[in-house]
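Enquirer: structure of the sequence below:
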Amino acid sequence: MAEPRVSAIIIVYNGDRYLSEAIDSVVAQSFPDWELIIADDGSSDRSLEIARDYAARHPGRIRSIAHANGANHGMSATRNLGIAAARGALMGFLDCDDIWLPHKLAEQVGLLDRHPDAQMIYGRTLIWHSWRTGQAADDFFYDLGTAPDRVVAPPGLLTILLENQSQTPTTCNALMRSAFLRDLGGFESRFRGMFEDQVFFAKALLEAPTYISSRNWAHYRQHKESFSAKSAGNGGDGQAYLAFLFWFAGYVVRRAPARLGVLTQLARLAAQTCWAMIKPRRPFWLRVR
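Expert: Predicted structure coming up:
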C-alpha cells in the first residue's frame, strides 16, 4: 500500500456528539492524498463505535486505534499514539469537536512545497460560536501578532506564543513535516490537558522556520464541555501556565542554551504570573494601587 502524503490524526475522549462532523471535514478535503487515524483515549460513550464504523466504511484510508489497556492517558499521550501509527510525510491534528475547512490541506501542502525550508505552517483559526448561536457575528479571529504570508525564522514566533496574547499555532490548524515532529519527540505526556499543545508548539517554534498565513483553515468550537473551558472555570489556567513556563525553561537549557533572550523572557513571564496569582491574597497595605 502506497504511503499517503498527509496523515490526519483525530484524538477523541467522550466526544461522540461532535466526532462525526470532525471526521466528515477530513473526508471532504479537496486534497485527495491523505489517511485518517482516529485515536481514542478511553472513551466511555459511543466515540469508539463511531470511529470503528468510519474505519469499516473507508478501509485502508481511515483507521481506528486505542491505547493497549483501553484506559484514559491524556491528550499528549493520545496524540503520540496517533503519531506512532502515522505513515505520511506531513502530519496534521484535529480535536474531535473542531473542523477543517475543505481547502485546508490543498493550500497548506502547496505552500510547504513552495517553501521547503519551512517545517510547519499555520494560519487563522475561527473562534467558532455560531455553530450554537446561529449568528456569524458571534465568531471572531484573534490577531496573529505579526505580519502573515511569510516564513518566520526561529524564535520569532516563539516570543509571541510565550506572551499568550495573540493567536499562535493551534492543533486544528497547523500542518508539519513528520520527520521534524518526530525529531522533537512529539508531545509531552506529563501535560495531559491544558497547555499540552503549547508545550509542543513552543518546542517547535524554538527551532523551526515556520510559514504563517493570513488564510482561515479551521474552526475551533467553543462550548462549556471543552477542556479549556473547564480549566478556566476551575481557575486553573494560571497554575497550568506557570507549569508550562517552568518546564519549557528547563527544556531550553537542555536543548538550546544559547537562546538567552528566550530564557530571559521566560523568567519575566514566570515572575509576572506568580505575582498575579498571589496578588489577591496580599494584605491591603502591600497591594499595588
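Enquirer: against which helices or strands is the helix or strand where residue 20 lies packed?
Expert: Secondary-structure assignment from DSSP states H and E places residue 20 in helix 19-27. The contact analysis (3 or more C-beta pairs under 8 Å, 6 or more residues apart in numbering; DSSP states H and E) places helix 19-27 against strand 6-12, strand 34-40, helix 47-57, strand 90-95, strand 99-100. In short, each C-beta sits where N, CA and C put it, glycine included.
Enquirer: after the last one, next one along is what?
Expert: Spelled out, it's strand 99-100. Next along the chain from strand 99-100, counting by DSSP H and E, comes helix 104-114.
Enquirer: buried stuff in that next one?
Expert: Across helix 104-114, burial judged by 16 or more other C-beta atoms under 10 Å covers 104-105, 107-109, 111-112.
Enquirer: output the below-cut-off pLDDT ranges for the stretch 1-150 of the chain.
Expert: 1 (pLDDT under 70).
Enquirer: could you look up the SS state of the residue lying closest to residue 164 once chain neighbours are set aside?
Expert: Nearest non-adjacent residue to residue 164, counting by C-beta to C-beta, 6 or more residues apart in numbering: residue 241, 6.9 Å away. Assigned by DSSP: H, G, I helix; E, B strand; the rest coil, the conformation of residue 241 is helix.
Enquirer: neighbours of residue 241, how many?
Expert: Number of residues near residue 241 (other C-beta atoms under 10 Å) recorded here: 20.
Enquirer: if I look at it, how far off is residue 93?
Expert: 21 Å (C-beta to C-beta, to the nearest Å).
Enquirer: likewise for residue 259?
Expert: Counting by C-beta to C-beta, the separation of residue 259 from residue 93 is 26 Å.
Enquirer: hmm, back to that, residue 118: which of the helices and strands packed on helix 19-27 is closest?
Expert: Closest approach to residue 118 among these (C-beta to C-beta): strand 90-95, 11.3 Å.
Enquirer: which parts of this structure are strands?
Expert: Counting by DSSP state E, one finds strands in the chain at the ranges 6-12, 34-40, 62-66, 90-95, 99-100, 120-128, 150-152, 175-177, 210-221.
Enquirer: what about those, which gets the closest to residue 56?
Expert: Per C-beta to C-beta, nearest to residue 56 of these: strand 62-66, 8.7 Å.
Enquirer: give the partner strands of that closest one in its sheet and their orientations.
Expert: strand 34-40 (parallel) (DSSP bridges).
Enquirer: and the angle for the partner strand with strand 90-95?
Expert: 40 degrees (axes from the mean of the first three to the mean of the last three C-alpha atoms, to 10 degrees).
Enquirer: adjust the sequence numbering to begin at 26 for everything that follows.
Expert: Let's use 26 as the start, then, which means that last one is strand 59-65.
Enquirer: from the chain's centroid, how far away is strand 59-65?
Expert: Strand 59-65 sits 16 Å away from the centroid of its parent chain (C-alpha atoms, centre = their mean, to the nearest Å).
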